[in-house]
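Student: just need the structure, nothing else, for what follows:
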Amino acid sequence: MIGFKIGLISTVSPEFGSALGGKDMADAKVLLRKARQVLESLGAEVVDPGEPTSERPQAARHGHLLRQQGAQVLVIYIGHWTHAHTVLAVVTAAQVPVVVWSDLRPGGTNLTGVGAVHGTLDQVGILNSLVMGGFDDPATVVELGVRCRAASAMERLRGQMLGLMGQRSMGMVTSTIDPSEWHCRFGLDVDDWDMLETVELARAISDDDPRVERYVDWVYKTFGDVAVNRETILASIKLYLVSKEIVETRGYDFAAVKCLPYMPSIYTTFCFAVAMLNDDSDADGPKERTVCACESDANGALTMQIMKNLNDGPVNFGDMFEVNPETRIAVIANCGSQSTQLALSRKDVNWVPNEMVQFDWMIKGMCPQYTGKPGRVTIARLSCVKGEYVMMITGGEALEKGPPGIAELAPFCPRTYVKLDCDVSDLLQNLRSNHVSTIYGDYVRDLIEVCRLANIKPIVLEPVTG
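Tutor: Numbering: from 1, shown residues only. The predicted structure is shown next:
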């Protein structure tokens, strides 16, 4: 998992640490080591000061050290009576989200330390969460994973930038945002990305550019069938090369492009470019996965970026295309672009022409046609209700294939078939965008914790039986 880094301290008060020949101090060192092992089992990189935290001046140094080492969440393990102002010094210096962790140890003094620390952080308005459980308790490890992943996901957002191309594609009010609110709430910036500039730069690349030829060869060797003419392939690759360069040179952490309804009539669509940005490798080799949404959907892009920060895997972006109330099978499809790594393999991805007859085409688009791989998925979408953010969250099971005949609808579209956990009527009442996103794995609890940290109202669609 890229960038998932936990800062860890183990606390003991000065008087307890020095009493009884330093018995509690020695124990705090053991607890630091054991806590580190548990946190590393989550797949995180763990940094600690190398010693228990006891004195207040020492605590400030430890907090600064963990911040300098890039900690995105601070786990405070309390195994003994602890001076709350010592922990406050660490937290103030570290400036990252806080998880307080301890266990009900018979005959110990840690519970009094927990009460003092947890209460102090709440009293001064420092958002924190409390996890109580032992090193060998599976439920405790799961809870720590939820708390730490969510805190890291939100901390990683801070200071990032969305590259936003255009506004309100085809009247989609739900895609629009207030950049000032984003800065206040999420610590995010928004920068303008011009569509015409991107097209002009793509047109300026010659057909025989070595980069273009290398990508053409790579596409034919890497994927399944390529049923797109050469003119479309060349235009699509050029558009991706320019988009990739803009993202890199301008420092965009995630993006959203307008594309429809104008791109078909002036060049070609962003289908190939968006799919490749969302992948973590291309013809140039491994790369950072850049979340990219279609149709200027900034709220959709932010939903994707949060989900990406939870597991760094490919994130699906598509329309809630169809859903059957009886079978609870939903079709999440996109008009032309999704990460190719949502398929079982890239050989299962066929590049086909975009066949949306609603638009006038200069040349056809290049769509990655496939069915998403089977497995457990989490579905989410950020929306606004009277100016307040909410997040719809539910789970489901992606299926190997959909019901008979359903693939005949817009057959060029990449799609994922999901057997929803929730009741369809519950989904429809809380569906506030044509777009939703999915990631593989069960991250419902993680997203609920993200909402708590970001002051977003979670709308969790409860599972039904059958």
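
Student: and the helices in the stretch 151-300 of the chain, which stretches?
Tutor: Under the criterion DSSP state H, counting those that start in this stretch, helices of the stretch 151-300 of the chain are mapped to 179-186, 195-203, 210-222, 230-250, 263-266, 271-278, 298-311.

Student: which one of those helices lies nearest to Gly50?
Tutor: Nearest of the helices of the stretch 151-300 of the chain to Gly50, taken as Cβ to Cβ: helix 298-311 at 28.2 Å. No exception for glycine: its C-beta is placed from N, CA and C like everyone else's.

Student: neighbouring strands - and their directions - for the helix or strand just after that closest one?
Tutor: Following helix 298-311 in sequence order, the next helix or strand is strand 316-323 (DSSP states H and E). The pairing partners recorded for strand 316-323 under DSSP bridges are strand 329-333 (antiparallel), strand 435-440 (antiparallel).

Student: if I take the last one and helix 298-311, what angle do their directions form?
Tutor: Between the axis of strand 435-440 and that of helix 298-311 there is an angle of 10 degrees, by axes from the mean of the first three to the mean of the last three Cα atoms, to 10 degrees.

Student: not counting its neighbours along the chain, what's nearest Trp361?
Tutor: Nearest non-adjacent residue to Trp361, counting by Cβ to Cβ, 6 or more residues apart in numbering: Pro264, 4.7 Å away.

Student: correct me, but that neighbour touches Asp360?
Tutor: Yes - using Cβ atoms under 8 Å as the test, Pro264 is close enough to Asp360 to be in contact (6.4 Å).

Student: Thr222: neighbouring residues, count only.
Tutor: If you count neighbours by other Cβ atoms under 10 Å, Thr222 ends up with 17.

Student: and if you look at Ala255?
Tutor: Neighbours of Ala255 under the rule other Cβ under 10 Å: 28.

Student: count the neighbours of Leu201 for me.
Tutor: Neighbours around Leu201, by other Cβ under 10 Å: 17.

Student: let me see the contact set for it.
Tutor: Leu201 makes contact with Val242, according to Cβ atoms under 8 Å, 6 or more residues apart in numbering.

Student: can you count the residues close to Thr82?
Tutor: Neighbours of Thr82 under the rule other Cβ under 10 Å: 29.

Student: offset the numbering so it begins at 782, please.
Tutor: Okay, using 782 as the starting number, the last item reads as Thr863.

Student: that one in helix, strand or coil?
Tutor: coil (DSSP: H, G, I helix; E, B strand; the rest coil).

Student: that one and Gly896 touch, don't they?
Tutor: No - Thr863 lies out of contact with Gly896 (Cβ under 8 Å); the separation is 10.1 Å.

Student: re earlier: need the strands paired with strand 1097-1104 in CSV (columns: distance to Ala931 and mean pLDDT).
Tutor: Formatted as CSV, the strands paired with strand 1097-1104 follow (distance: least, Cβ to Cβ, whole Å; pLDDT from 0 to 100):
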stretch, distance to Ala931, mean pLDDT
strand 1110-1114, 24, 94
strand 1216-1221, 14, 96
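
Student: possible to save the ones you listed as TSV with distance to Met1173?
Tutor: Listed next are the strands paired with strand 1097-1104 as TSV, based on distance: least, Cβ to Cβ, whole Å:
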stretch	distance to Met1173
strand 1110-1114	13
strand 1216-1221	8
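
Student: now render the ones you listed as TSV, adding mean neighbour count and distance to Arg837.
Tutor: Below are the strands paired with strand 1097-1104 laid out as TSV (neighbours: other Cβ atoms under 10 Å; distance: least, Cβ to Cβ, whole Å):
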stretch	mean neighbour count	distance to Arg837
strand 1110-1114	24	52
strand 1216-1221	24	42
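
Student: of all the ones you listed, which lies closest to Asp918?
Tutor: Asp918 lies closest to strand 1216-1221 among the strands paired with strand 1097-1104, at 26.4 Å (Cβ to Cβ).

Student: for the next helix or strand after the closest one, packing partners?
Tutor: Per DSSP H and E, the first helix or strand lying C-terminal to strand 1216-1221 is helix 1225-1235. Judged by 3 or more Cβ pairs under 8 Å, 6 or more residues apart in numbering; DSSP states H and E, the packing partners of helix 1225-1235 are helix 919-938, helix 1079-1092, strand 1156-1166, strand 1169-1179, strand 1238-1241.

Student: please redo it, this time with the cut-off set to 7 Å
Tutor: helix 919-938, strand 1156-1166, strand 1169-1179, strand 1238-1241 (3 or more Cβ pairs under 7 Å, 6 or more residues apart in numbering; DSSP states H and E).

Student: what would the worst-scoring helix or strand of the chain on mean pLDDT look like as CSV? C-alpha coordinates only.
Tutor: In the chain, the helix or strand scored least confidently by mean pLDDT, DSSP states H and E is helix 795-799, which has a mean of 80. Extracted C-alpha coordinates of helix 795-799, given in CSV (Å, rounded to 0.1, in the frame of the first residue of the first chain):
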residue,chain,number,x,y,z
PRO,A,795,7.7,9.8,34.6
GLU,A,796,7.0,8.6,38.2
PHE,A,797,5.7,5.2,37.2
GLY,A,798,8.5,4.8,34.7
SER,A,799,11.2,5.3,37.3
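
Student: picking that back up, in CSV: the helices and strands packed on helix 1225-1235, plus mean neighbour count, mean pLDDT and distance to Thr1121.
Tutor: Formatted as CSV, the helices and strands packed on helix 1225-1235 follow (neighbours: other Cβ atoms under 10 Å; pLDDT from 0 to 100; distance: least, Cβ to Cβ, whole Å):
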stretch, mean neighbour count, mean pLDDT, distance to Thr1121
helix 919-938, 21, 96, 24
strand 1156-1166, 21, 96, 16
strand 1169-1179, 20, 97, 16
strand 1238-1241, 16, 98, 31
